[in-house]
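Peer 1: Here you go, sequence then predicted model.
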Amino acid sequence: MFDTVRVDAMAPGPQLAQELLTVDPTDLDHEQLLVWLRCWQRFEAYGESRRVEMLGHYADIHPPEEPDQPGRLWTERAQQPGGDGTPQVAEFAVDELAVAAGWSQGRAFGQLGDALDLRHRMPRLFARLAAGEVAPVKVRQVLRAAHGLSLLAARRLDEAIAPIVDKIGPRRLEQEIEQVLIAVDPAEADRRADAATQRRRVAVSKDEHGNCQILADVDALDGMAFDAAIDHVADLLRDLGDTRAKDIRRAAAIGWLANPAATMALARRHRAWQTGDQPLPWPTSVDCRTETTTDGHQRLVPGIWRLDPPEPADLIDHQLWPTATIVMHLDHQTWQTQTGPVDLTGHGPITAEHAFDRLRHHQVTIKPVIDLNDDLRWTGTAGTDFTGTLREAVLLANRWNPYPYADTESKDTDDLDHTVPRNHGGPTTLDNGAPLRRRQHRTKTFANGWRVKQPEPGIHIWRSPEGRIYLCDRRGLTHDLGKTAAG
């Protein structure tokens, strides 16, 4: 029998966990289910506090051998994942934690930093988390806001926010935090405003089914102007017969605005058509008719005709527009039939139909293919770095970052490491090259206990100081093979 009064009054801990984990959900009525869910949230908060304690203790038992010294390159460094007032940690201990937990190095560094910040800089919030009174997601929101604050400012934020964090939603919490920050550290508030300006950026990330996502952090007025420009192009396309939904036309407008010359040509054709200087926006053999809108403009009538509006690339002068290099991975059958998957480096898989449809609107130059199977002993000059075609071949053979749980594609800016070091006789060849991020490169080179072999191009077998074996394959998958005594 699930006693709601008794269970609801339990402090979070092993006894509460036992009560919650042993109950049969089908035995609970409406009220009991609500109590169970509320108690489970308390237990989740308690469990998170225990994880914080363990991460903090991991930092305690891995202090640096000596304080960090600026400019130190060839030995293990002291690092401070947390903020002001938190202890330093040995650099390579963070890397071993990452592979043991199945995290990237950056995530391990962030997780350790959050745990140390909570334990050392925000004791009131930590106590409320351990009591099951605060959701972990709100704790992380406060920790993000406290990043970069002095120890004194973080403690004052803790004093102001901890008592109310469970009483407001995330948006209101963000406002309360901002208000406290301005009061307790106005200089830091100004610095953050300036830093926000320096963080402005536009990023394009892969999605699925031939789409991508665009994230822009820009000046507010520029953002409003861009939104208005998107709307205007979407309306031009509507007037010229594009019957797709407005959101789809707005998405298509991004492609036009990426080609200003084409956009201006489209606008000129639209104006000439509206003023009667051109009977149709572009040639067509289909009968069309127009109507006059309430504001006196002409527009083509949707549904009466069929006309595919041109793509931006159809209206631009290719001699005035920059070129781009696209790497497409596809097999011979896909190339011949134009059906099947095409993998775009930096984006991901899309259908061949979509890929070839997009390319038909552009001037395309096909470069010779680097056939990695033609000669597995691609060789550079002995004792030198990877350059030219050999460098490109190494990046193609190691499309995915070959470090355990890295989860990123290799980049041309990566360090190209000799798996068997040059000073140990390692050749500059395809089967001895690996693209690594700088921190991964340091771990492999300087951290005691790390070993890696590359039995064939793109296959990497790592051994951690703990003795666990990780196989990183060509698909970017990390296989935890467990421990081995032999290494």
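Peer 2: Yes, it's here. Everything numeric in this text was worked out from a predicted model, so none of it was measured. Numbers count the residues shown, from 1 in each chain.

Peer 1: use CA for all of it now, contacts and neighbours both
Peer 2: Fine.

Peer 1: Residue 214 against residue 207, yeah?
Peer 2: No - the pair residue 214 / residue 207 is not scored as a contact, 9.9 Å apart, by CA atoms under 8 Å.

Peer 1: In which helix or strand does the residue most central in space within the chain reside?
Peer 2: Centrality entry for the chain: nearest residue to the mean C-alpha point is residue 205, 7.5 Å, by CA atoms, centre = their mean. Using DSSP states H and E, the secondary-structure element containing residue 205 is strand 201-206.

Peer 1: Direction included, what does that strand pair against?
Peer 2: According to DSSP bridges, strand 201-206 forms sheet pairs with strand 212-217 (antiparallel).

Peer 1: CA-only coordinates of the strand it pairs with in PDB, if you can.
Peer 2: What follows is the C-alpha trace of strand 212-217 in PDB, where atoms were taken according to Å, rounded to 0.1, in the frame of the first residue of the first chain:
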ATOM      1  CA  CYS A 212      20.000  23.300 -41.500                       C
ATOM      2  CA  GLN A 213      19.500  25.700 -38.500                       C
ATOM      3  CA  ILE A 214      20.700  29.200 -38.400                       C
ATOM      4  CA  LEU A 215      21.500  30.800 -35.000                       C
ATOM      5  CA  ALA A 216      22.100  34.500 -35.000                       C
ATOM      6  CA  ASP A 217      23.100  36.700 -32.000                       C
END
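
Peer 1: quick revisit: need the per-residue pLDDT for the residue nearest to the centre of the chain.
Peer 2: Residue 205 is assigned a pLDDT of 79 by the prediction.

Peer 1: try residue 310
Peer 2: Checking the pLDDT column for residue 310, the value is 57.

Peer 1: Just after the worst-scoring helix or strand of the chain on mean pLDDT, pick out the following helix or strand.
Peer 2: Across the helices and strands of the chain, mean pLDDT, DSSP states H and E gives its lowest value to strand 298-300, namely a mean of 54. Moving toward the C-terminus from strand 298-300, the first helix or strand encountered (DSSP H and E) is strand 328-329.

Peer 1: And the next helix or strand past that next one?
Peer 2: Next helix or strand after strand 328-329 toward the C-terminus (DSSP H and E): helix 332-337.

Peer 1: The helix or strand following that next one packs against which elements?
Peer 2: Going down the chain from helix 332-337, the next helix or strand is strand 341-344, by DSSP H and E. Using 3 or more CA pairs under 8 Å, 6 or more residues apart in numbering; DSSP states H and E as the contact test, the elements touching strand 341-344 are strand 328-329, strand 348-351, helix 352-359.

Peer 1: Check the offset of strand 341-344 from the chain's centre.
Peer 2: In this view, strand 341-344 has its centroid 20 Å away from the chain centroid, taken as CA atoms, centre = their mean, to the nearest Å.

Peer 1: What of stretch 137-144?
Peer 2: Between the centre of stretch 137-144 and the centre of its chain there are 19 Å (CA atoms, centre = their mean).
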